[in-house]
Every structure is written in C-alpha cells, then in structure tokens.
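Fold the following and give me the result.
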Amino acid sequence: MKFSILTPSYNTGKYIERAIQSVLAQSYRDWEHIIVDGGSTDATLDVLRKYPHLHWSSSPDKGQSDAMNKAFAQSTGDLIIYLNADDELKPDALRLFADSFNSHPEADMVVADLEINHSGTANINVPSINLRQVLNYWPCIFPANPVSYAYKRKLQDNIGKFPVHNHYTMDYWFLLRAFLKGKVVKEGFVAGTFHFDGTNKSADPANSQKWLKRVRDQFLSRYFYYPEVAKFWIRLKKGFMFRLK
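All right, here's what the predicted structure looks like:
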C-alpha cells in the first residue's frame, strides 16, 4: 500500500522542515509527500527547494481546505494522511498504520493516539471513534489532529471535498462523515505530534466551539435520517426543552 502524505502550507518556513524530515524518517518507504502552498512570502519556498523528492506547488488559494482539496486531487496513494506543516509523524507511524490495515482489511480508517506538545509539555490524546460521543464536540474527544489517522482514498471520494469556506474545523467536518459512513478501527500506538504553541487556529476556544457547533448542527440537519444521528438529535432536543422548563 502506498501512502499519500498531504501538507497544506502558508508562511510555514520556521517549522515545515520538521514535518518534511518526519516523513523522510519513516521506516515504511512506500509514500509520496505532496505540499500545496498558498503563495508564501517567507522562507517556506527556500525550504521546499532543498528537497527534490517533494511534489509541491505554490500559488494563492482560498485557504487550508482549498489546499487540502488540491493536494488530494494530485495524490496517487491508496492511503491518505494529512500532515499539517507545523506537526510531525512518529518514525514508525506509516508501518504501524499499514500493519493495521493489513490486519483489518475491512477498515476504511485507522485512528491512533496523538502526542500533543504544549510548548514543550507533552501529553497523549486518546480519541474516541464513537459517533455519539464525537457529536458532543466539547471538550474535544475526537481525533484532535489529522496526523493521528489514515484512511483509504475511497472514503474521501465518498465524502467529497472539504468545504472551502470552513477555515477552522474542516477536520471535524470530515470525521463526522467518516465515522458515520466508514468502518473505523482504533489502535493504541502514537502516530504523531501536534505542536500546540498558542498561535494555532484552535488556540481560541470560543471561536473553536462556535465553528464546531456550526459543523455539528449542519451535520445533524443533513443526516437526520440515519438512526444513530436521529437518536442523538432527539436526545439533544429533549435536553434543550428540559433546560427551558
């Protein structure tokens, strides 16, 4: 199985080399690394030019979701991982993902644990793959970063493109649909590191909660005819009416 590692980028020169090096360090060798840059004006392109193995482009785009869609359209791998420019894979991540897909050929997605590095302090995030739990979006118990999961390309073909107007919670948008429509397997290894330094888009909890709620509520309206979604919707409405009494 071939992995496509897809990285959206914009003015990420101070840390994108760490992400590139984490792919080069993989013990599993069948992969391609595609970087779609939004027209960076810092040192990003200088870094990219140092690595001839990369498939990269740089031009203005409509934001991260647009770059993710462009990267996927260029990809040729059987399995997809989105690696943000400021994060990194653990050296055995691809091998462990491949082993899991070989052990679970029915799986559309494999979710692993995630190391979250808060400005030098690391802890392990163990995400849920239960749709009902993930619909309760706060606190975050879904995979907090796409470096902790890999999936078959047919899953994204089935779900469709990331919405380009969503600049904050496109991962959650995708995961809700993946957990509803796909067969998801949870594994206990740590796949990568999410570097959280306070400048990330998710560092603003009020804005994050606003966008998560918007995505969750749109999902409930769109897929209410699925029994699991309908049950959650009914429980949510009953809870709301109870609070009004």
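
Would you confirm that D86 contacts N11?
No - in this structure, D86 is not within contact of N11 by CB atoms under 8 Å, at 11.0 Å. From N, CA and C alone the C-beta is placed, and that goes for glycine too.

of those two, who's got more company?
More crowded of D86 and N11, by other CB atoms under 10 Å: D86, with 20 against 15.

who's in contact with the more buried one?
Going by CB atoms under 8 Å, 6 or more residues apart in numbering, D86 touches 12, 15-16, 18-19, 195, 200.

Strands of this structure, residue ranges please.
Secondary structure of the chain (DSSP state E): strands at 3-9, 31-37, 55-58, 79-82, 88-89, 109-118, 121-125, 149-152, 184-196.

which residue packs closest to the spatially most central residue of the chain, ignoring adjacent ones?
Residue closest to the average C-alpha location in the chain (CA atoms, centre = their mean): P146, at 2.4 Å. Spatial nearest neighbour of P146, chain neighbours left out: Y82 (3.9 Å); criterion: CB to CB, 6 or more residues apart in numbering.

Could you check how far that neighbour is from H104?
Going from Y82 to H104 by CB to CB, to the nearest Å gives 21 Å.

ok, the two, which is more surrounded?
Using other CB under 10 Å as the criterion, Y82 and H104 rank with Y82 on top: 24 against 14.

The more buried one contacts S4, correct?
No - using CB under 8 Å, Y82 makes no contact with S4, being 9.5 Å away.

those helices in this protein, which residues are they?
Using DSSP state H, the helices found in the chain span residues 16-24, 44-49, 64-74, 93-103, 131-135, 153-159, 170-181, 205-222, 227-244.
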